[in-house]
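[1] A structural model of the following input is requested.
(2 chains)
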Amino acid sequence: MMSQIAERERKKALSPWKSKSTNSSSSKAKKAVQFPGVKSLNGKWGYLYVAPFVAMFAIFGLAPVVYSVYISFFHWDPLGTSTFTGFRNFNNLLHDSDLWLALRNTFSIWALSTFPQMFMAIGLANVLRNTRLRGKSFFRTILLVPNITSVIAITIVFSQLFGRDFGIINDILGWAGFGHHIDFIEGVIPSHIQIATMITWRWIGYNTLIFLASMLAIPNELFESSSVDGATKWQQFRYVTLPQLKNTITFVLIVGTIGGLQVFAEPQQLAADGGSSKQFLTLTLFLYNQAFVNNKYGYAAAIGIFITFIVLIISAVNFVITRKISNDGTR
Amino acid sequence: MSTLTPKRVKQPRWRRVPKRNYALLGIIVSLSVFPFYWMFVVASNTNAEISKSPPSLIPGGRFLIVARKVLSAQGVYFNSALLNTFIVGISIALAQVIFSAIAGFAFAKLDFKGRKGLILFVIGTMMLPSQLGIIPLFMLVKNLHMVDTLYGLIVPALITAFGVFWMRQIIDAQIPNELLEAASIDGASVPRIFFRIVLPIVRQSGFVLGLFAFLAAWNDYLWPTIVLQSPKHFTLQVALTQLKPMYGLDYGLQMGGAFLATAPLLILFIFVGRKLVTGVMDGAVKG
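    Numbering: from 1, shown residues only, chains lettered A, B, ... in the order given. Down below sits the predicted model:
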């Protein structure tokens, strides 16, 4: 939850122009850029007030990042001696088949968890949007319940539900006519489906609320006028609601991507070493195992930098798409 | 768009709620709650009841036995894990709310040199994934002799860039400059303004930030599993992983542990659930 909100706040802060298209108050966006303070207050107090944050941020936030880049150029042995090896870690990493397997697994789990979830969340939000719906507040609250629970507890429950021999999901599939039991641990795609299901279950309510909030921000007149025109519900959804959700869809996609790059606890619990055909080896599990199981700090730091590059590339793509959408909106 | 024929409209179409929507929501609610229910069912039944086909779907009578087994499991200190998790969660939540409010106030309302540059720099670093710094952070915590202590979990999380931004946005949005100007013309000092005016106004939002921080700390797994080593210092999430079934498919113990570790959050959720919903949705609209 934290990382999702952090990402949202970050995007908000980075793209004040975005609020122009969604918010009626463009003055608010301008204010965010200019940072006006209260003139009659003595600004010198500011140094004192931000000092704890700056100190802690420098020590626990910034320094580790810088140092991470530094040690990625070393054969770093936390117990023995470390030797400078230049770009060897990066070179080895790019020739390591595990990296590409991890990238494949991460991507596959991401795709399986992001897209179905997004369609369902938009559909659900569309149902919840109705002002005549009874028990609105109840439904919204229950939807958030999965989000507060720990990944470990969820993994325990779902791995039982997905069990090959005694799991309910295989029972249901059996009744539905699938004769053989699916192995959600050994099969590559089934194992990814299992993890994607956990992620979807955990986040769908949260994303539904995000979509719901931006649907509720759409002016009622748009629906009323289209309703007078006799538009069907589907037409209203397709031509009124959906175009207004562009920004939110981009946002949910990016947050899902960054979350997807951090998937760790579920695969680690199902197979700490990544599984028999490394089907559970995600990028973060790969990093963790290299650093804290194999003690290869320099190599693991290089993996961290690789992950960072992916995040930066995705952010850049997102930036371009967002700009394109906001340009489309003004035409 | 296809042809739109005008129709007589009594009640706007978009307002009507078809029955199947309630049915759909009913299914979603069941799916959201089922895993919690299932934890309890598995933890309270014998393995045989769960393994038969179809499995027993109603709770059995063994929950207290399993709970006792969890609490007394060899090498697993569930009670101290519960206490540790509370200590870590509350410390982090309190510290984040207080420090974030102080720094957020300065970033929102005080004019000092370098404010804008600093804030933009910090925003920029928030793009970096948390995995990037995790190895040096561990080395640092080790050098500070905080490995295998709760300090190792609490200290790095005392202030986060995210918390400061959250509070900055809140203070910026909820407190008009004019109010603070009026107070300062009346002769109130900056600390007085902060404690007497700013804090009371942002109390609610601060509480929501604290909740998010508490939940994140409670459910965190990656960092505690790196920092903590001896079972007595484990948090609940790490302790849970100790309950893996050792013989075949006995899930009862693990599910019992999962249920016990989740129950406090479910109880908390009864009281704060609606606040969390508001927090999530407010953020979305502002974004």
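
[2] do you know how far the nearest residue to residue A:168 once chain neighbours are set aside is from residue B:124?
    Closest residue to residue A:168 apart from its sequence neighbours, by C-beta to C-beta, 6 or more residues apart in numbering or on different chains: residue A:161 at 5.3 Å. C-beta: built from backbone N, CA, C; applies to glycine. Residue A:161 sits 42 Å away from residue B:124 when distances are taken as C-beta to C-beta, to the nearest Å.

[3] who has more neighbours, the two?
    A count of neighbours by other C-beta atoms under 10 Å in any protein chain shown puts residue A:161 above the other of residue A:161 and residue B:124, at 22 against 12.

[4] Could you pull up the residues touching the more buried one?
    Going by C-beta atoms under 8 Å, 6 or more residues apart in numbering or on different chains, residue A:161 touches A:167-169, B:35, B:38.

[5] From residue A:317, how far off is the residue nearest to residue A:168?
    Distance of residue A:161 to residue A:317, computed by C-beta to C-beta: 36 Å.

[6] Now residue A:150. Nearest residue, chain neighbours left out?
    Distance criterion C-beta to C-beta, 6+ apart; nearest residue to residue A:150, sequence neighbours excluded, is residue B:219 at 4.1 Å.

[7] Is it correct that that neighbour is in contact with residue A:147?
    No. Taking contacts as C-beta atoms under 8 Å, residue B:219 lies outside contact range of residue A:147: 9.7 Å.

[8] neighbour-wise, which of the two wins?
    Neighbours were counted for residue B:219 and for residue A:147 using other C-beta under 10 Å; residue B:219 has more, 26 against 22.

[9] And the pLDDT at that one?
    The model reports residue B:219 with a pLDDT of 90.

[10] one step back: from the contacts of residue A:161, which ones fall inside helices?
    Among the contacts of residue A:161, DSSP state H puts A:168-169, B:35, B:38 in helices.

[11] Verify the contact between residue A:291 and residue A:300 for me.
    Yes. The criterion here is C-beta under 8 Å, and residue A:291 meets it with residue A:300 at 3.5 Å.

[12] Of the two, give the one with the bigger neighbour count.
    More crowded of residue A:291 and residue A:300, by other C-beta under 10 Å: residue A:300, with 28 against 24.

[13] Only the buried residues of the host helix or strand of the more buried one, if you could.
    Assigning secondary structure by DSSP states H and E places residue A:300 in helix A:297-330. Neighbour counts over helix A:297-330 (16 or more other C-beta atoms under 10 Å in any protein chain shown) mark A:297-308, A:310-311, A:314-315, A:318, A:322, A:326 as buried.

[14] And for stretch B:67-87?
    Neighbour-count burial for stretch B:67-87 [16+ other C-beta under 10 Å]: B:67, B:69-70, B:73, B:76-78, B:81-82, B:84-86.

[15] next one: stretch A:40-50
    By 16+ other C-beta under 10 Å, the buried positions in stretch A:40-50 come out as A:41, A:43, A:45-46, A:49-50.

[16] cool, stretch A:223-230 as well?
    A:223, A:226-227.

[17] Okay, now the unreliable bits of the stretch 101-250 of chain B?
    The stretch 101-250 of chain B contains residues with pLDDT under 70 at B:245-250.

[18] show me where it has helices.
    All helices of the stretch 101-250 of chain B, identified by DSSP state H, counting those that start in this stretch, fall at B:115-125, B:134-143, B:151-154, B:161-174, B:177-185, B:190-193, B:199-201, B:203-219, B:222-227, B:236-241.

[19] what angle do the longest one and helix B:161-174 make?
    Think helix B:203-219. For helix B:203-219 against helix B:161-174, the angle by axes from the mean of the first three to the mean of the last three C-alpha atoms, to 10 degrees is 160 degrees.

[20] Give me the buried positions along helix B:203-219.
    Within helix B:203-219, the residues that count as buried by 16+ other C-beta under 10 Å are B:205-206, B:208-219.

[21] Could you do the second one as well?
    Neighbour-count burial for helix B:134-143 flags B:134-141 (criterion: 16+ other C-beta under 10 Å).

[22] The fourth one now?
    Applying a neighbour-count criterion of 16+ other C-beta under 10 Å, the buried positions in helix B:161-174 are B:161-173.

[23] same question, the third one
    Within helix B:151-154, the residues scored as buried using 16+ other C-beta under 10 Å are B:151-154.

[24] counting contacts, what elements does that helix pack onto?
    Helix B:151-154 is packed against helix B:78-109, helix B:222-227, with contacts defined by 3 or more C-beta pairs under 8 Å, 6 or more residues apart in numbering or on different chains; DSSP states H and E.

[25] anything in stretch A:64-74 near chain B?
    Yes. Using C-beta under 8 Å from any C-beta of the partner chain, stretch A:64-74 comes into contact with chain B via A:64-65, A:67-68, A:71.

[26] For chain B, what is the nearest residue in the stretch 51-200 of chain A?
    Closest to chain B within the stretch 51-200 of chain A is residue A:64: 3.3 Å, counting by C-beta to the nearest C-beta.

[27] Just give me the neighbour total for that residue.
    Look at residue A:64: counted by other C-beta under 10 Å, it has 22 neighbours.

[28] ok, now which ones touch the closest residue to residue B:113 other than its chain neighbours?
    Closest residue to residue B:113 apart from its sequence neighbours, by C-beta to C-beta, 6+ apart: residue A:43 at 7.9 Å. Residues in contact with residue A:43 (C-beta under 8 Å, 6+ apart) are A:37, B:110-113.

[29] try 7 Å this time
    When contacts are counted by C-beta atoms under 7 Å, 6 or more residues apart in numbering or on different chains, residue A:43 touches A:37, B:110-112.

[30] what do you get for residue A:281?
    The contact partners of residue A:281, by C-beta under 7 Å, 6+ apart, come to A:98, A:101-102, A:105, A:274.

[31] Inside helices: which ones of the residues you listed?
    Applying DSSP H to the contacts of residue A:281, the entries found in helices are A:98, A:101-102, A:105.

[32] How many residues are close by residue A:58?
    Residue A:58 has 11 nearby residues by other C-beta under 10 Å.

[33] How much space separates it from residue B:227?
    Per C-beta to C-beta, residue A:58 is found 21 Å from residue B:227.

[34] And the residue nearest the centre of chain B?
    Centroid-nearest residue in chain B, with C-alpha atoms, centre = their mean: residue B:215, separated by 2.3 Å.

[35] Which residue is the nearest non-sequential neighbour of that one?
    The shortest distance from residue B:215 to any non-neighbouring residue, by C-beta to C-beta, 6+ apart, is to residue A:148 (5.5 Å).

[36] Please state the backbone phi and psi of that neighbour?
    When read as degrees, to the nearest 10, the backbone of residue A:148 gives phi -90, psi 0.

[37] If you rank every helix and strand of chain A by mean pLDDT, what lands last?
    helix A:18-22 (a mean of 38; mean pLDDT, DSSP states H and E).

[38] Overlap in contacts, residue A:291 and residue A:300.
    The contact sets of residue A:291 and residue A:300 overlap at residue B:135 (C-beta under 7 Å, 6+ apart).

[39] low-confidence ranges in the stretch 201-331 of chain A?
    A:325-331.

[40] what does it have sitting close to chain B?
    A:205-206, A:209-210, A:212-214, A:217, A:223-224, A:227-231, A:233, A:235-236, A:239, A:251, A:258, A:261-262, A:264-265, A:269, A:284, A:287, A:291-292, A:297, A:300-301, A:304-305, A:307-308, A:311, A:315 (C-beta under 7 Å from any C-beta of the partner chain).

[41] Next one: residue B:140 from residue B:132, what distance?
    To residue B:132, residue B:140 is 14 Å away according to C-beta to C-beta.

[42] let me redo that: residue B:148
    The spacing between residue B:148 and residue B:132, counted by C-beta to C-beta, is 24 Å.
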